[in-house]
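A.B. asks: okay, structure incoming, though there's no sequence with it:
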Ligand code: GCW
């Protein structure tokens, strides 16, 4: 008897913990019952919706669901409504999103509330920084799924199509509806006939999942591939070239989304090469799109080497252009004023440009957050940004509300995330990094969701037991919830703050080594490298103190924020401590709120971050019985690496800054285990 029970228990475990390589993402769940679907229309999208219901149904056996295409004034494009046993939407993609929402609710055990679900943004897009040769700028999960090098680089294989379909499905399942297929540092090649044919093939696979394709373009394309003498946006031949190109694209891809443009930025060509403004450049392209309904996403990521404060420049360049852009131009603004740092205050452009559509750009790929080695859940970072109050139209004018059409009547609303996926089997390099793809999609759909809610869903879908009968609302046993969900969720939710602590606490930013943006390099300042590409420009440490003075007495970047923020950031008494060294240059013995000196607090923060990672390791080891071996080991070995690197960060930064502070590392924290010189020389070798 006893042996049989043990055997049954063994079977249950071996079934629910079968090896998983992570390729199925958060879409692992299988149907446990039969479902009848009534749908009067047929189409590729509706067929997918029906099949998804059949594949994933976890509700009452033999239930009937009706899919109804019917508009309703309260339904936005892509929105849907749950009525009793019915999903109603005005568009086919709305039906598909309704299906995914219903299935997610079944799988995570959430009630299916009968109400309307509308997306926060009209365009919810991934930006792929993929190059035509298949490499990916700041990609850490293998090569591009879209492009490759070699003789057959343009041949579309069945394998390509299968992968693109899986990609499309994953995106649609979280509500994403756009994909920019190539790097913003764009190759003009992308607009050639050959490449457009491949874009067409990709678009065909993505289309039934409601996903539109977009391309990044190089501003100098008319002169580079069009053989024109200039790419001046006001030149009639240039205007004609772009008009013809856009027309050609629509003849190949009739539902093409539009262009993403990085111009007059980091050495990329742009309108400023011809003494024209960003508005001249963007509007010229926007006019070409007008007849087709396409849009131009124009990036505001600009900074010149000569300015004394990089953080001020996007605002300085773009504010005078407010109101000068066509209504099918959206200015794409990174969350912070510098560059996807572990922590930045929000970009002051949000809410400030009142007559121009603005869209947030987040970075899913962890360029500055440990790449595919560190576990850093970015939900809390994006939530922090979206919920930041700009005060532009009084309290409550959050970044989210000032970009999603709630406050300003934008013709188009959009949000972009720089993708973290590649050809790696698990898509993202790190199993946990899948959570960031998921979180971006969920926030793009609903920018008021909490990270806690998103983490909860993702963990249940990604690690929940999958044995038939064990999923769904009844599927999460108390044991699993207590010993897996709760600790893993806590760990994930803490991970971003931990990264800030062991990398750049208290408002430090951009103190990375060289251009790889992985490890610490507060010392990095070789001769000949642009000052604003070296950390001393940002930390400004000397024997008197540390930090960037952006107050009225300094570069006055604080004035770009609406009151009461300008005063709050300017005044040491009210500046949030998380932004202390972002806005202030302070003496080492300045007293922070804990009562410690600034120097001691810096050391304690690094120590805290490192200890947090050590705790993550302990948490993860304890959940071993609840995870399949492959994914367990992947995460365990990554955490080990993360811990070693957190130690490097702590030692490098405390020892480096100690040269200026000339104070002891507080005696009750662990002593450094590395020598500063060794860290510097090993970093120099890696450059
Ligand atoms: O974060 C920086 C990156 C560049 C990137 C640039 C941008 C695509 O280091 O690799 O280029 O931002 O966003 O344009």
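C.D. replies: The structure has been received and is ready for your questions. This is a predicted model, so every value here is computed, not measured.

A.B. asks: switch to C-alpha atoms for all contacts and neighbour counts from now on
C.D. replies: Fine.

A.B. asks: what's in contact with the helix or strand that contains residue 101?
C.D. replies: Following DSSP states H and E, one finds residue 101 within helix 92-108. Outside helix 92-108, the residues that touch it by C-alpha atoms under 8 Å, 6 or more residues apart in numbering are 29, 45-46, 48-49, 52-53, 56-59, 67-69, 77-82, 87-89, 111-112, 172-175, 209-210, 457, 460-461, 471-473.

A.B. asks: show me the longest helix that occurs in the protein.
C.D. replies: helix 629-661 (DSSP state H).

A.B. asks: next, the buried residues of that one.
C.D. replies: Using 16 or more other C-alpha atoms under 10 Å as the test for burial, helix 629-661 gives 631-632, 634-636, 638-640, 642-643, 645-658, 661.

A.B. asks: related to what we said a few turns ago, partner strands of the next helix or strand after the helix holding residue 101 and their direction?
C.D. replies: Downstream of helix 92-108, the next assigned helix or strand under DSSP H and E is strand 116-117. Strand 116-117 pairs in its sheet with strand 80-83 (antiparallel), by DSSP bridges.

A.B. asks: list the buried residues of the partner strand.
C.D. replies: Neighbour counts over strand 80-83 (16+ other C-alpha under 10 Å) mark 80, 81, 82 as buried.

A.B. asks: what bridges to the second one?
C.D. replies: Counting by DSSP bridges, residue 81 is bridged to residue 88, residue 116.

A.B. asks: from the contacts of helix 92-108, list just the buried residues.
C.D. replies: 29, 45-46, 48-49, 52-53, 56-59, 67-69, 77-82, 87-89, 172-175, 209-210, 457, 460-461, 471-473.

A.B. asks: restrict the buried residues of helix 629-661 to those near the ligand?
C.D. replies: The subset of these within reach of the ligand, by C-alpha under 6 Å from any ligand atom, is empty.

A.B. asks: distance check, residue 514 against residue 121.
C.D. replies: Separation of residue 514 from residue 121 (C-alpha to C-alpha, to the nearest Å): 36 Å.

A.B. asks: name the surrounding residues that touch the one helix or strand residue 502 maps to.
C.D. replies: Taking DSSP H and E as the criterion, residue 502 maps to helix 486-503. Contacts to helix 486-503, defined as C-alpha under 8 Å, 6+ apart, come from residues 342-343, 369, 375-381, 451-452, 455-456, 459, 520, 605-610, 612-613, 616, 619-620, 646, 649-650.

A.B. asks: among the contacts of helix 92-108, which ones are in helices?
C.D. replies: Filtering the contacts of helix 92-108 for helices - DSSP H - leaves 45, 46, 48, 49, 52, 53, 56, 172, 173, 457, 460, 461.

A.B. asks: now do the contacts for the first one.
C.D. replies: Residue 45 is in contact with 92, 93, 96, 208, 209, 210, counting by C-alpha under 8 Å, 6+ apart.

A.B. asks: out of these, which one sits closest to the ligand?
C.D. replies: Closest approach to the ligand among these (C-alpha to the nearest ligand atom): residue 210, at 26.2 Å.

A.B. asks: just to revisit the earlier point, which ones, among the contacts of helix 92-108, also lie beside the ligand?
C.D. replies: Okay, of those, nothing touches the ligand (C-alpha under 6 Å from any ligand atom).

A.B. asks: which residues in the stretch 201-350 of the chain form strands?
C.D. replies: Listed in chain order, the strands found in the stretch 201-350 of the chain under DSSP state E, counting those that start in this stretch are 212-217, 258-261, 295-299, 329-334.

A.B. asks: can you list the ones you listed in TSV and add distance to the ligand, mean neighbour count and mean pLDDT?
C.D. replies: Output for those, formatted as TSV (distance: least, C-alpha to the nearest ligand atom, whole Å; neighbours: other C-alpha atoms under 10 Å; pLDDT from 0 to 100):
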stretch	distance to the ligand	mean neighbour count	mean pLDDT
strand 212-217	11	25	98
strand 258-261	10	27	98
strand 295-299	8	25	98
strand 329-334	8	26	98
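
A.B. asks: of those, which is nearest residue 420?
C.D. replies: Closest to residue 420 of the strands of the stretch 201-350 of the chain is strand 329-334 (C-alpha to C-alpha; 16.2 Å).
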